[in-house]
Structure formats: C-alpha cells, structure tokens
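Novice: After the sequence you'll find the predicted model.
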Amino acid sequence: SPLARQNKGYACPSSWSGVEDQNSDEECMPVSQSTSVVNARISYPHPRSDCGVYAFDDSIQPSERSSLKSRRSCPNCYCYVCDIKAIQCKSWKLHCLAHSKNERWAQLRRAYADEKKTGDSSNVDKAISQLNAPCELICID
C-alpha cells in the first residue's frame, strides 16, 4: 500500500493526507533519509559576516585596517559589497570588514549594485568617501 511504502522510504501523494487509495496508479517516489544536519552558514553561500567557519568581528570600523584574520574566508563566503565570491573580490582587503549592520557598507553595496546596472560609478565614489566619516553618525546598533 502507498502508506506502507511511505514508511519504508517512499512518498506517495495520496499518502500525504493519510488516506490510502488502493486503486491508485500514482507513482511513489523514493525519499532519502538522512541523519546529517546541514549548517547553512557553512554549506551554502553566505556573506563573510555570517560565516560559520571563521568568526567575524563587526566592531572593526571601515576606516581601520583589516587584519589577516579578518580577510580569511571559506569557499562559500561572498563579498557583501560586490555580491560575488570573496575569493573573486578585487577589494577584499577592505570589503572583508563589510556587514549589513553598518549603513555605510549597505550604502556601498547599493552603489555597487547600481553601477552593475547603469555603468555609472559616481555613486560608488561617494559611498567610498563616506566610509571615512565618523562611525557614530552612521553605524546601526
């Protein structure tokens, strides 16, 4: 029966409701049963600030120098600003500090996205100059 097959690693649409249809011609599909847990902050693409492999320190300000520790990235880290893999970011030495809780980084991210659409880099230049403004005026708690 479909319900019995569901319990043995098969799923059949009629058995999802708990009602068994003996005359059904429906196809039952094998269902994989895995006991492993997937950590999205490791297994899937994520901004560097959300990496589950390397801890992120969001107290470092954009005007400060990034350390070698800050620049580390796992194979699934991407640049918050450029929205590309971290390893492909040409400005990673600076962008490794970027995160969504800082409005200056969010502004730079929007400027980069606009540049990709329009080809106009003037907003990127403005946003980069804002990175050196006093943090008290722009940071989000």
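Specialist: Nice, thanks for sending it over.
Novice: Pull out the buried positions in the longest helix seen in the chain.
Specialist: If you go by DSSP state H, the chain has its longest helix at helix 103-118. Taking 16 or more other Cβ atoms under 10 Å as the neighbour-count basis, helix 103-118 is seen to contain the buried residues 104-109, 111-112, 114-115. For glycine as for every other residue, the C-beta is placed from the backbone atoms N, C-alpha and C.
Novice: Using TSV, please lay out the residues you listed together with distance to Ser43.
Specialist: Below are the buried residues of helix 103-118 laid out as TSV (distance: Cβ to Cβ, whole Å):
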residue	distance to Ser43
Arg104	30
Trp105	25
Ala106	26
Gln107	30
Leu108	28
Arg109	24
Ala111	30
Tyr112	26
Asp114	31
Glu115	31
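Novice: pLDDT below threshold where in this protein?
Specialist: 1-35, 62-63, 65, 132-141 (pLDDT under 70).
Novice: go again using 80 as the cut-off
Specialist: For the chain, the stretches with pLDDT under 80 are 1-36, 60-67, 128-141.
Novice: now for the buried residues of helix 103-118, which pair is the farthest apart?
Specialist: Arg104 and Glu115 (16.5 Å; Cβ to Cβ).
Novice: In this protein, what residue spans correspond to strands?
Specialist: 10-11, 29-30, 46-47, 77-78 (DSSP state E).
Novice: mind listing the helices for this structure?
Specialist: Under DSSP H, the chain gives helices at 2-7, 40-43, 68-71, 92-95, 103-118, 122-130.
Novice: what sits up against the second one?
Specialist: For helix 40-43, the external contacting residues (Cβ atoms under 8 Å, 6 or more residues apart in numbering) are 46, 50-53, 74, 76.
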